[in-house]
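Provided below for reference: sequence and predicted model.
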Protein chains: 2
Amino acid sequence: MKQPKIKNMEEFAKVSGISRPTLSKFFNDASSVRKSTREKVEMALEKYDYQPNVFAINQNRKLTKNVGIVVPYLADPFFAEIARRIETLVIAEGFRPILLSSHGDPALEIENLTSLKAIKPAGVLIAPLGRVSDKDALESFCKEVPTVNFDANIEDVGEAFVGHNNAQATQIMIDYLTRSGEPPVFFEMRTPPNPNANKRRIAYIENMERLGLTPHVVQVEGEGWDLEEIGYHGGKRAISGHQLATNTVFCSNDRLAIGFLSAAYELGVRVGIGADCELRVAGHDNHPISHFTCPTLTTVSHDYTSIAKSSVETIMALTESKERGRPRETTLFDGNLILRTSS
Amino acid sequence: MKQPKIKNMEEFAKVSGISRPTLSKFFNDASSVRKSTREKVEMALEKYDYQPNVFAINQNRKLTKNVGIVVPYLADPFFAEIARRIETLVIAEGFRPILLSSHGDPALEIENLTSLKAIKPAGVLIAPLGRVSDKDALESFCKEVPTVNFDANIEDVGEAFVGHNNAQATQIMIDYLTRSGEPPVFFEMRTPPNPNANKRRIAYIENMERLGLTPHVVQVEGEGWDLEEIGYHGGKRAISGHQLATNTVFCSNDRLAIGFLSAAYELGVRVGIGADCELRVAGHDNHPISHFTCPTLTTVSHDYTSIAKSSVETIMALTESKERGRPRETTLFDGNLILRTSS
DNA sequence: AATAAAACTTAACGCGCGTAAAAAAATAAT
DNA sequence: ATTATTTTTTTACGCGCGTTAAGTTTTATT
């Protein structure tokens, strides 16, 4: 059982026998004080219940130990997973992650940045909404706070971009699909929220042309982040309306593919690589659920572990070096083919 | 374009023509000042770029406008969704939500509470990990901070509990399943992380006995929060090992059911209510993906909209009234049968 | 118009900690 | 042992806002 609580650093200085300025140094960086001093403080911390007042600490600092993380839609397991990894890495660096989701709403995205600015973060990692983001507001935020842009690349936003190599990932899937069967039709939303979708469509068309094949793009209607729902309705329409030029469908992302598979199942269309199958379906991202679809989804992995790691490293380097305005660097991580049973 | 930035309230008092103490009142509660004053301030806010320093504000207050939200595993869309609703409601009440995930780790759960304590929150909403939670640490936290316990009920934790009526929800599903076909086998984890699972098993057994039927519980191995994975492996084993006493399986939750369905598909076992189907499967929670499984999953809804709303209302009432130590109230929300095609 | 009540202004102190400067003490180097 | 260097202590001020008390102005009531 610990002794009665210590109100403030002054009191803790008394009971620990260490002066307040030295304690202040200690709490900022324990390694900046002499070893014997550090031990004395730590012994006192064992004995007394004291922790410095966060608000008083941060009031007099221009940069805090906070790191903001903004994601477009936390209910999407993809962002939940990447956020989880980022959080863990940020904590390991001795910083405090503040996780905010924009819930698909551009106004909330800006609000999130405003409220982050208020807590004077050392840096911010942002995966923007994309198409609907208020680009000017993002840019002006990035001028004030060191920012790393990840996942959805928005030009000139942030000091660096870390993301997925959509071109490479699309290519390896197209190469696989064309070698193993009919060339793929590309299945996507007409107005995708996320700019990665556009990169994937462009890469699809380029690669099909490179192979001397005719690209076929099926664009389905729908707004927002209910991608399975959109994939389901679009899939039903595409299948029953015979809009698919070949027997192979490459979905712009796994969540659309999940909806598409559900539509195919409902329509009694057998999907897979078996002799009795009518359709092959592939996805993109290696979504956690893609292991468990029926059939299991062949997809291209999205290396979020590396993206998380690199994003955190970049923001840490940025906050330490403090030099701003360097040319914006772009880091992309390749995808790997995940062969399962759907194609 | 706004005028040059205002450093502090003193400066803003000068340019707005309102004295600092009145401004302080205004920022605490805009309705506490005269209308004409409020308008003057708002006009100045339009013109000048000023927002009070969060750290200075909170330093002198014992209770802030922060509300902590702690969930066990944010990468589970169920918690992501409920967190999203809670966040939105908390913002609507004029408070600032601080969302933290324990990532399945009891140590992190306690760390989260410790770091919340440091920011002096007005209240905290916690969905505990459950079985692995450090109950003593939770309880001692709740003595210091007004807390509402939601989702996973841990006795004596928090001033109130808001959650799902597992008994009622289990009952309506069992009633449906027994009326429409063979009685269900209960499929669950041997060591579920979440205490709701235990309530569901108990309700299953009670209801089966009430109906004069023999309960059959299949408990599968596996630790942690990868429920689809666990359901998949357990499902494969249960099906191929002929462990299912009837042709109807009631999974403890939808995520297990998703894995189970995947196993059945892989084994070529047709699931559904059609004449050609060998197995019926039901879930529990109405997980977002349960709309899109193959076949679509019959399940019992988990009313997280109401749970979120009630939790926020309860914590708000608590922070306002300030009276602590009242008898712990429990609020449960019923589930509804969601009939789809799997059973 | 006179009075009462409410809202505001002025002045001043305190919160807990960061931080700077000068002096003192502890450690390291010669 | 003496000097140089590093670390700690003492002292003191500042950060931006909450808050209180006394005095003043504005609004509401009669």
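On my side now, so go ahead.

In the stretch 151-300 of chain A, what residue lies closest to DNA strand C?
Shortest the stretch 151-300 of chain A-to-DNA strand C distance, computed as C-beta to the nearest atom of the strand: residue-wise this is A:Glu159, at 23.4 Å. (C-beta placed from N, C-alpha, C; glycine too.)

which residues does that residue contact?
A:Glu159 makes contact with A:142, A:146-148, A:314, A:318, A:324-326, A:328-329 under the criterion C-beta atoms under 8 Å, 6 or more residues apart in numbering or on different chains.

again with A:Ser115
Listed by C-beta under 8 Å, 6+ apart, the contact partners of A:Ser115 are A:100, B:96.

where's it, which helix or strand?
Element membership for A:Ser115 (DSSP states H and E) is helix A:106-118.

anything in the next helix or strand after that helix sitting right up against chain B?
Going down the chain from helix A:106-118, the next helix or strand is strand A:123-126, by DSSP H and E. No - no part of strand A:123-126 sits near chain B under the criterion C-beta under 8 Å from any C-beta of the partner chain; the closest distance found is 15.6 Å.

after whichever helix or strand A:Thr178 is part of, next one along is what?
Using DSSP H and E, A:Thr178 maps to helix A:166-180. Toward the C-terminus, helix A:166-180 is succeeded by strand A:185-189 as the next helix or strand (DSSP H and E).

neighbouring strands for that following strand, and are they parallel or not?
The strands beside strand A:185-189 in its sheet (DSSP bridges) come out as strand A:217-220 (parallel), strand A:248-251 (parallel).

got a markdown table for those, with distance to B:Asn53, mean neighbour count and mean pLDDT too?
As requested, these are arranged in a markdown table below (distance: least, C-beta to C-beta, whole Å; neighbours: other C-beta atoms under 10 Å in any protein chain shown; pLDDT from 0 to 100):
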| stretch | distance to B:Asn53 | mean neighbour count | mean pLDDT |
| --- | --- | --- | --- |
| strand A:217-220 | 48 | 18 | 97 |
| strand A:248-251 | 48 | 27 | 98 |
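
Now the helix holding A:Ser115: buried residues?
For helix A:106-118, the neighbour count (16 or more other C-beta atoms under 10 Å in any protein chain shown) marks A:106, A:108-110, A:112-113, A:115-116 as buried.

Average pLDDT for it, rounded please.
pLDDT averaged over helix A:106-118 equals 93, rounded to a whole number.

Export it to CSV, keeping only CA atoms.
Output in CSV follows, covering the C-alpha atoms of helix A:106-118 (Å, rounded to 0.1, in the frame of the first residue of the first chain):
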residue,chain,number,x,y,z
PRO,A,106,-15.1,15.4,-44.3
ALA,A,107,-16.4,17.9,-41.7
LEU,A,108,-15.4,15.6,-38.9
GLU,A,109,-12.0,15.1,-40.5
ILE,A,110,-11.3,18.8,-40.2
GLU,A,111,-12.8,18.9,-36.7
ASN,A,112,-10.4,16.1,-35.7
LEU,A,113,-7.5,18.1,-37.0
THR,A,114,-8.7,21.2,-35.2
SER,A,115,-9.0,19.4,-31.9
LEU,A,116,-5.6,17.8,-32.5
LYS,A,117,-4.0,21.2,-33.1
ALA,A,118,-5.4,22.2,-29.7
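
Do any residues in it lie close to DNA strand D?
No - between helix A:106-118 and DNA strand D, judged by C-beta under 7 Å from any atom of the strand, nothing touches; the nearest distance is 10.1 Å.

residue ranges of the strands in chain A, please?
A:66-71, A:96-101, A:123-126, A:147-150, A:160-164, A:185-189, A:217-220, A:248-251, A:280-282, A:299-300, A:329-333, A:337-338 (DSSP state E).

Out of these, which gets nearest to DNA strand D?
strand A:66-71 (16.8 Å).

And A:Lys47, how close does it get to A:Phe12?
Counting by C-beta to C-beta, to the nearest Å, the separation of A:Lys47 from A:Phe12 is 11 Å.

More neighbours: which of the two?
A:Phe12 (22 against 13; other C-beta atoms under 10 Å in any protein chain shown).

Show the contacting residues for that one.
Applying C-beta under 8 Å, 6+ apart, one finds that A:Phe12 lies in contact with A:6, A:23, A:44, A:48, A:50.
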